[in-house]
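Peer 1: Here's my sequence, what's the structure:
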Amino acid sequence: MTRLMTIEEIKKRVIIALDVKNEKEARQVLESLPEAKIFKVGLELFTAEGPTILDVVKDYHREVFLDLKLHDIPNTVAGAVRAAICHGVSMLTIHASGGKEMMKRALEAARETAEKENKPLPLILGVTVLTSLKDSELFEIGFSSDSKNQVLRLARLAVEAGLEGIVCSPHEIEMLRTEVGPNIKIITPGIRPAWAEALDQKRIMTPAEAFEKGADYLVIGRPITQASSTGEAFRRVIAELEAAIKMP
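Peer 2: Okay, the predicted model is just below:
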């Protein structure tokens, strides 16, 4: 999919995963990537440091993508969303498999809290199927569908609940873009540049391939954060995307 985009706009579409153990390591990554705009705080770092890590990221004038994949009863998820908004996160994830009511309550809580606290409304993303899961593992868990059909079912449910963003593996991007149209944001982890190892994610794709298929945001962690030069690795990714996009 060809899109006109400046370099600065491309940089805003690459989310750096802060998949590190503590605040000290997080600061090292933040300081080493002055050109990156959005950083993902996941379960390990959030559990280690608590909500203060969100303020740390914001102290560096970066946007926060809070990736806790919330999945609980509707009231509990709504409460967690309220707390996240008070910390000024720009994006956050909830599991679409929590059901339509849970997602609706999360969105209602987000809108009410953003208005009450005079905070920006974050993009709430419905997580479909984890990129680490293969079809055989889904069947083992008890799902009757393969990964693509399960992703499609959960994405439809998320859109029906009012969410404006979906998280899926790169291999479902084209299918979902056709299904949900051009306005729903698609965020994809499982991104590995051609020069990086796949590691523990099964359903992966290069940054250029994912962008060409219609992804809006790419989540990239270890290929950048564990590179000998994080800044150079980030610039290589941006250059790869620039080459795949027709620039103005």
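Peer 1: give the contact list for the residue nearest in space to the middle of the chain.
Peer 2: The residue lying closest to the centre of the chain (Cα atoms, centre = their mean) is I187, at 5.1 Å. Contacts for I187 (Cβ atoms under 8 Å, 6 or more residues apart in numbering) come out as 15, 91, 125, 165-167, 215-219. (C-beta placed from N, C-alpha, C; glycine too.)
Peer 1: gap between the worst-scoring helix or strand of the chain on mean pLDDT and the chain center?
Peer 2: Ranking every helix and strand in the chain by mean pLDDT, DSSP states H and E puts helix 135-141 at the bottom, with a mean of 72. Chain-centre distance of helix 135-141: 23 Å, with Cα atoms, centre = their mean, to the nearest Å.
Peer 1: Reformat the contacts of I187 as a markdown table; add secondary structure.
Peer 2: Output for these, formatted as a markdown table (DSSP: H, G, I helix; E, B strand; the rest coil):
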| residue | secondary structure |
| --- | --- |
| I15 | strand |
| M91 | strand |
| L125 | strand |
| G165 | strand |
| I166 | strand |
| V167 | strand |
| A215 | coil |
| D216 | coil |
| Y217 | strand |
| L218 | strand |
| V219 | strand |
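Peer 1: what bits of the chain have low per-residue confidence?
Peer 2: Scanning the chain for pLDDT under 70 picks out 1-3, 144, 196-204, 246-248.
Peer 1: can you map out the strands along it?
Peer 2: Assigned by DSSP state E, the strands in the chain fall at 14-17, 38-41, 63-70, 91-95, 123-127, 165-167, 185-188, 217-220.
Peer 1: now what about the second one, what contacts it?
Peer 2: The contact list for strand 38-41, computed with Cβ under 8 Å, 6+ apart, reads 12, 14-19, 29-30, 53-54, 57, 62-67, 90-91, 217, 219, 221.
Peer 1: what lines up beside that strand in the sheet?
Peer 2: strand 14-17 (parallel), strand 63-70 (parallel) (DSSP bridges).
Peer 1: likewise the shortest one?
Peer 2: Listed by DSSP bridges, the sheet partners of strand 165-167 and their directions read strand 123-127 (parallel), strand 185-188 (parallel).
Peer 1: same deal with the last one?
Peer 2: Taking DSSP bridges as the criterion, strand 217-220 forms sheet pairs with strand 14-17 (parallel), strand 185-188 (parallel).
Peer 1: Distance from that strand to the middle of the chain?
Peer 2: 6 Å.
Peer 1: Could you pull out the buried residues of it?
Peer 2: For strand 217-220, the neighbour count (16 or more other Cβ atoms under 10 Å) marks 217-220 as buried.
Peer 1: Equivalent analysis for the longest one, please.
Peer 2: Applying a neighbour-count criterion of 16+ other Cβ under 10 Å, one finds 63-70 buried in strand 63-70.
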